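*Asks:* Whatever this is, show me its structure:
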Amino acid sequence: ITVLLELIGVLLKIAGRSHGQVTAQEEDELDINRQTALYSLKLLCRNFGSGHQEAFVPVLKKAVELVANKDEEKNVMGSALLCVAEVTSTLKALAIPQLH
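*Replies:* Numbers count the residues shown, from 1 in each chain. As a prediction, the model looks like this:
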């Protein structure tokens, strides 16, 4: 479990990447990678979140940040919303301060 929880930081970096100066194809690939990272975070939270709630607070912060960005790619935003729902459901009261 510890090894899987260590992936949270790596997945958060992937989910938080911005487009910068990339080609259209690279932009599409980046968006797919970001969606996959968010989905992976959602699954990690579903399976391990109840026993390791503190580890998922940064996940909720990043997902809320992505949802709040009106310029975010719609599929990435959808994945972020699903992640917010899963993490909020798991963190319960710990989620309240993160939802701004």
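*Asks:* Glu26 and His19, how far apart?
*Replies:* 8 Å (Cβ to Cβ, to the nearest Å). The way it works is simple: take the backbone N, C-alpha and C, and place the C-beta from them, glycine included.
*Asks:* Ile8 too?
*Replies:* 23 Å.
*Asks:* quick one, which of these two is more surrounded?
*Replies:* Ile8 (20 against 11; other Cβ atoms under 10 Å).
*Asks:* Which residue, neighbours along the chain excluded, lies closest to His100?
*Replies:* Closest residue to His100 apart from its sequence neighbours, by Cβ to Cβ, 6 or more residues apart in numbering: Val64 at 7.0 Å.
*Asks:* close enough to count as contact, the one you found and Pro97?
*Replies:* No - between Val64 and Pro97 there is no contact under Cβ atoms under 8 Å: 10.8 Å.
*Asks:* Tell me the secondary structure of the residue nearest to His100, please.
*Replies:* Following DSSP: H, G, I helix; E, B strand; the rest coil, Val64 is assigned to helix.
*Asks:* quick one: contacts of the longest helix seen in the chain?
*Replies:* Using DSSP state H to define each element, the chain has its longest helix at helix 24-48. Helix 24-48 is contacted by residues 1, 4-5, 7-8, 11-12, 14-15, 17, 19, 22, 55-56, 59, 63, 66, 73, 75-76, 79-80, 82-83, 86-87, 90 when judged by Cβ atoms under 8 Å, 6 or more residues apart in numbering.
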